[in-house]
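Q: Give me a model of this one.
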Amino acid sequence: MTRSYHNINAKYNGYFNAKEEYKKGVLKVENGHKENYRELLPLFVIGDKEMAKSVQTEMDVVIKKSSRVIQFHSMNIKGKEYCKWIDDTWILIGKAYFYEKNWGECRPIFEYVAKKYKKSELKIEARIWLVRTLLEQENYDRAEVVLKSLENNSKIPDEYLPFYKAVSAQYHIALEDYPKAIIDLEDATRFEKDKERLTRWLFVLAQLYAMQGETIRANRTYQIVVKKHPDYEMEFWAQIHRALSYTNADGSSYDIKKTLLKMLRDDKNKEYRDKLYYALSKIYRQEDREDKQIKALKLSAKVSVEDDYQKGLSFLTLGQIYFSKPEYKPAQAYYDSAVVYLPDDFPNRKHIINIQTSLKDLVDQIVIIETQDSLQGLADLSEEELMALVEEVIDERLAEEERKREALEGGGNLSQTTDRGFDDGSEKGKWYFYNERNIKIGQQEFKQIWGSRANEDNWRRSDRSTDSEDDLASFNTDATDSTISGIKDVDSYLKDIPRTKEARSESDQKIINAYYKLGNIYKENMNDDARAIGSFRMLVSRFDSSQHHLSSYYLLYRLYYSENRIDSSNYFKNYVLYKYPNSDYAKIIRDPNYALEMSNEKKAIERRYKKAYYYYDRGFYKACIDYVDESEKKYPKNYLSNKFQYLKALSVGSQGDKEQLVASLKKFSGEYGGTPEAKDAQNRVKILTTKKAIIEKKEAPKYVYERNARHLVLLMVPVDGNNIEEIKKSMDNYNKAYHVGKGINISSVLLNKKMHMVSIKQFGSESKAKDYFSAFSGNQTSLKKINASNFDLLIISYTNYALFFQDKRIDVYQEFMKTNYQL
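A: Alright, predicted model coming up:
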């Protein structure tokens, strides 16, 4: 009577209610789980830490009710349990703790059940759950021991066999032993009866097949998943993965393409079109139809609105295609876009950024050459020809502006007039006055105002309020007036044309430098020796002489040698030996060990300069002077001599008063005129002798111009009327979009009661800070509102920053900045 009472009450009262609550919690976890079909799906859904917190209420009820069952209905007599539901209840408590991610509680419970109830089949279930717990704890060694004990010492009942095999597969997946995981999962899917669980495991099995290159089996398994009629998202991704895993060895692609094209026509797949086009591009790639592959990828990127990952992936694939051709201009455009959209944790992101940076540097040089060539061509025109050309361009741009205005007033889609499709940077021969950047800036402003929009007719009318339309009309009228005024400004078209001898020489120098940089980028970053040779040969053939001719001849000698073109290599080798017999390059050709000696000497000189600068920076002026003299004696007329002598001049002057410093700097600038160091010295003299040294009867800080010192950029934001956190957020978004991977940080403090000071740091030199300053102040998209507010923007070295923070006078530092930084 007592046994029956406890068994019935344990099963139908406490245990039943606890199990129902457990099911409710598990369902909550599964319904709240968001699948990432781009990665290998988990075999079991347990959610993250936040999900564990969300089901704690349900699982605590399970634990409480189950504990009461054990407390009131356990009949443990002489070590034997006579209530047959107690082991089930212990398992249920362990599973509840498992879903709470309380490994410290669930693990000993599963171990207890496995040890205590040796004659019960539940010991098998307990061990399997123990393995799951150990895997979550990443205790793979112990998990292996338990799995082997199950395999060797137990006959797995049929009801637990699929669960056991799936957990074993999970173990092998964790160890990235995918072949063994496949074997286990094949067994699990053979025995599993639950349709939903079976479909998930089949999907994972198909993914594993694809990862192992077994595309035929992957394709077949994805088809089985589709036939199981899972939820729509899983069915959709099964079709996508089926296409992504396709190879020519799988036979005809007709059925897959037919399915994808049918899905593209289905309205319910509208938000998935980017993924469908991307999958289609993979089929075209296997068919070796590159034109169709590129078209599909461009469509994928174009229709992608919500999924930045897919948009970035499509851009990246386009960049890789053009890079492999190689066509570097379009490759650069697509890599730029890819970096903007791909997440920070994207695989090999650092490598992608390195390629993007190299491509940008490369294309910058190409643009310099093309721009200067165009400008020189314009300079060669007669005055009448040039003005006729300017008037023609003005007329065309005014007509384009009128088309835009009519499109807006008619409620049409602005993108139809401004969006020329996906500009991949491959257009050649554009005349200088057509500035494609203006078009891109317009598109960025459009996205900033309206957000990411699908390419639909009249979306503005349905998605924006009437007030917003009126605002746009007003904004557009003002913008149009300003734009038209700019278009008609003839001087803006002529200002950069090199029409004097000095300007032409400066333009030539830009071309020379660009060719030299271009050749080195091809050689060092792109491993494109053919184009490197072309760049260096263009340099030495177009110009009679330059500071880069000697090194270009030497590099041509080395490049031709690596290409096994010995005749050409010997030509340039002999040219260097004949024309520049005493040069370092000639010495390297005669004695290959000379290069190593030069490298070691260069490093020694650099170490000495750092030490000399350390003495100067710490105020040890006598030590600096003596060390400079010693260094110049040991390495006379070395490549850092100007810098050494500048440190000496600064140290000599700093030992006395201001007049002595001025005299020392003047002497140095006279002896080393034309060097960057002499220019710095002259600027310091101006600062020291200017009448503006005293402002408002308060002596100005002794700011020092340090070209190679670490710098910050400061944004001064008035406290009144400005939300500093919103401004910092906009700046942070801008840095993530345009300066990713550069280690730029933002912080803010109160300069005084009326002014916030936002610090953007850090930059290794003045030039890097100036580049950021120019990009920041010129940005009219992400930072449009900030730049429109005319906040003061400053460049400052760390040394001067300390002085500025004490002095707090913005106008005083601006005078120093204006004199020295030439912004």
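
Q: Confirm that L750 sits in a strand.
A: Yes - judged by DSSP: H, G, I helix; E, B strand; the rest coil, L750 forms part of a strand.

Q: What is the burial count for it?
A: By the measure other CB atoms under 10 Å, the count of residues near L750 is 11. All C-beta atoms are positioned from the backbone trio N, CA, C, and that covers glycine.

Q: May I ask you to confirm that it is in contact with H756?
A: Yes - L750 is in contact with H756 according to CB atoms under 8 Å; the separation is 6.2 Å.

Q: How about T221, nearest residue that isn't a chain neighbour?
A: A206 (3.7 Å; CB to CB, 6 or more residues apart in numbering).

Q: I meant L665, not that one.
A: Nearest one to L665, counting by CB to CB, 6+ apart, is A681 at 4.3 Å.

Q: who does the host helix or strand of the one you found touch, helix- and strand-wise?
A: Using DSSP states H and E, A681 sits within helix 676-689. Using 3 or more CB pairs under 8 Å, 6 or more residues apart in numbering; DSSP states H and E, the elements in contact with helix 676-689 are helix 641-654, helix 658-671, helix 810-821.

Q: most packed of those helices?
A: helix 641-654 (a mean of 21; mean count of other CB atoms under 10 Å).

Q: Do me a favour and average the pLDDT over that helix.
A: Averaging pLDDT along helix 641-654 gives 88.

Q: which other helices and strands contact the helix or strand encompassing S759?
A: Using DSSP H and E, the element containing S759 is strand 755-763. Here strand 755-763 touches strand 711-718, helix 724-738, strand 745-752, helix 766-778, going by 3+ CB pairs under 8 Å, 6+ apart.

Q: What are the boundaries of the strands in this protein?
A: For the chain, the strands defined by DSSP state E cover 76-77, 80-81, 694-695, 698-699, 711-718, 745-752, 755-763, 792-797.

Q: which of the residues in the longest one are buried?
A: This means strand 755-763. 755-761, 763 (16 or more other CB atoms under 10 Å).

Q: TSV for those residues, including pLDDT and distance to Y813?
A: TSV is the format used below for the buried residues of strand 755-763 (pLDDT from 0 to 100; distance: CB to CB, whole Å):
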residue	pLDDT	distance to Y813
M755	88	13
H756	90	16
M757	92	12
V758	93	15
S759	92	14
I760	92	16
K761	88	17
F763	87	17
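
Q: Of those, which pair is most distant in space?
A: M755 and F763 (22.4 Å; CB to CB).

Q: circling back: now do the shared contacts for L750 and H756.
A: Taking CB atoms under 8 Å, 6 or more residues apart in numbering as the criterion, L750 and H756 both touch V719.

Q: hmm, back to that, in CSV, list the helices and strands packed on strand 755-763 along with mean pLDDT and distance to K228.
A: CSV is the format used below for the helices and strands packed on strand 755-763 (pLDDT from 0 to 100; distance: least, CB to CB, whole Å):
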stretch, mean pLDDT, distance to K228
strand 711-718, 92, 57
helix 724-738, 87, 41
strand 745-752, 85, 51
helix 766-778, 89, 53
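
Q: ok, back up a step: which of the buried residues of strand 755-763 lies closest to M598?
A: F763 (30.4 Å).

Q: Bridged to that closest one, which residues?
A: H711 (DSSP bridges).

Q: what are the phi and psi angles of I156?
A: phi -70, psi 120 (degrees, to the nearest 10).

Q: correct me, but I240 touches L280?
A: No - contact criterion CB under 8 Å: I240 and L280 do not qualify, at 9.9 Å.

Q: More neighbours: which of these two?
A: Neighbour tally, I240 and L280, criterion other CB under 10 Å: the higher count belongs to L280, 26 against 22.

Q: show me what contacts that one?
A: 243, 257, 260-261, 264, 296.

Q: what does A279 give?
A: 239-240, 243-244, 260.

Q: so how far is M211 from Y178?
A: Counting by CB to CB, to the nearest Å, the gap from Y178 to M211 is 6 Å.

Q: So which of these two has more stuff around it?
A: Neighbours of Y178 and M211, each counted by other CB under 10 Å, are more numerous for Y178; the result is 18 against 15.

Q: Can you give me every residue that contacts the more buried one?
A: 172, 208, 211-212.

Q: Is it possible to get TSV of those residues that adds pLDDT?
A: What follows is the contacts of Y178, written out as TSV (pLDDT from 0 to 100):
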residue	pLDDT
H172	97
L208	97
M211	93
Q212	93
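
Q: Need phi/psi at Q822.
A: Per degrees, to the nearest 10, the backbone of Q822 is at phi 50, psi 60.

Q: Around it, how many other residues sit close by?
A: 9.

Q: that older thread, distance to M59 for the strands of the chain - can I get that in CSV?
A: What follows is those, written out as CSV (distance: least, CB to CB, whole Å):
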stretch, distance to M59
strand 76-77, 25
strand 80-81, 24
strand 694-695, 70
strand 698-699, 69
strand 711-718, 49
strand 745-752, 42
strand 755-763, 47
strand 792-797, 55
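
Q: nearest to R565, of the ones you listed?
A: Comparing the strands of the chain by CB to CB, strand 755-763 comes nearest, at 42.8 Å.

Q: okay, the closest one in CSV with CA atoms only?
A: The C-alpha trace of strand 755-763 is given here as CSV (Å, rounded to 0.1, in the frame of the first residue of the first chain):
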residue,chain,number,x,y,z
MET,A,755,33.8,73.6,-22.9
HIS,A,756,34.1,69.8,-23.5
MET,A,757,37.4,68.6,-24.9
VAL,A,758,37.1,65.4,-27.0
SER,A,759,40.5,63.7,-27.5
ILE,A,760,41.1,61.5,-30.5
LYS,A,761,44.3,59.5,-30.0
GLN,A,762,46.8,58.5,-30.8
PHE,A,763,48.8,59.3,-34.0
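
Q: Now do it against strand 745-752, angle only.
A: Using axes from the mean of the first three to the mean of the last three CA atoms, to 10 degrees, the inter-axis angle of strand 755-763 relative to strand 745-752 is 150 degrees.

Q: I'd like the distance from strand 755-763 to the chain centre, please.
A: 23 Å (CA atoms, centre = their mean, to the nearest Å).

Q: Tell me what angle it forms with strand 792-797.
A: Using the same axes, to 10 degrees, strand 755-763 lies at 40 degrees relative to strand 792-797.

Q: Could you check how far stretch 620-636 is from the centre of its chain?
A: Distance, centroid of stretch 620-636 to centroid of chain: 45 Å (CA atoms, centre = their mean).

Q: ok so, going back, could I have the buried ones of the contacts of L280 as ChimeraX selection syntax?
A: With 16+ other CB under 10 Å as the burial test, the buried ones among the contacts of L280 are selected in ChimeraX as follows:
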select :243,257,260,264,296
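
Q: Looking at the contacts of L280, spot the one nearest K101.
A: Among the contacts of L280, and counting by CB to CB, the member closest to K101 is A243, at 36.6 Å.

Q: which ones are touching that closest one?
A: Here A243 is in contact with 256, 260, 279-280, 282-283 (CB under 8 Å, 6+ apart).

Q: Give the burial count for Y772, as a bare number.
A: 21.

Q: quick one: contacts for it?
A: 713, 739, 744, 760, 763.

Q: same question, S641
A: With CB under 8 Å, 6+ apart, S641 has these contacts: E632.

Q: How much space separates it from K658?
A: Here the distance between S641 and K658 works out to 27 Å (CB to CB).

Q: for N752, same thing?
A: For N752, the distance to K658 - CB to CB - is 29 Å.

Q: picking up where we left off before, the helices and strands packed on helix 676-689: which one's closest to E136?
A: Within the helices and strands packed on helix 676-689, the stretch nearest E136 is helix 810-821; the backing value is 56.5 Å (CB to CB).

Q: Report the backbone C-alpha coordinates of that closest one in PDB.
A: Provided in PDB are the C-alpha atoms of helix 810-821 (Å, rounded to 0.1, in the frame of the first residue of the first chain):
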ATOM      1  CA  ILE A 810      42.000  77.900 -27.600                       C
ATOM      2  CA  ASP A 811      42.800  81.000 -29.600                       C
ATOM      3  CA  VAL A 812      46.400  81.100 -28.400                       C
ATOM      4  CA  TYR A 813      47.000  77.600 -29.400                       C
ATOM      5  CA  GLN A 814      45.200  78.100 -32.700                       C
ATOM      6  CA  GLU A 815      47.800  80.800 -33.600                       C
ATOM      7  CA  PHE A 816      50.600  78.300 -32.900                       C
ATOM      8  CA  MET A 817      48.800  75.600 -35.000                       C
ATOM      9  CA  LYS A 818      48.100  78.000 -37.900                       C
ATOM     10  CA  THR A 819      51.800  79.000 -38.000                       C
ATOM     11  CA  ASN A 820      53.200  75.500 -37.800                       C
ATOM     12  CA  TYR A 821      50.800  72.900 -39.200                       C
END
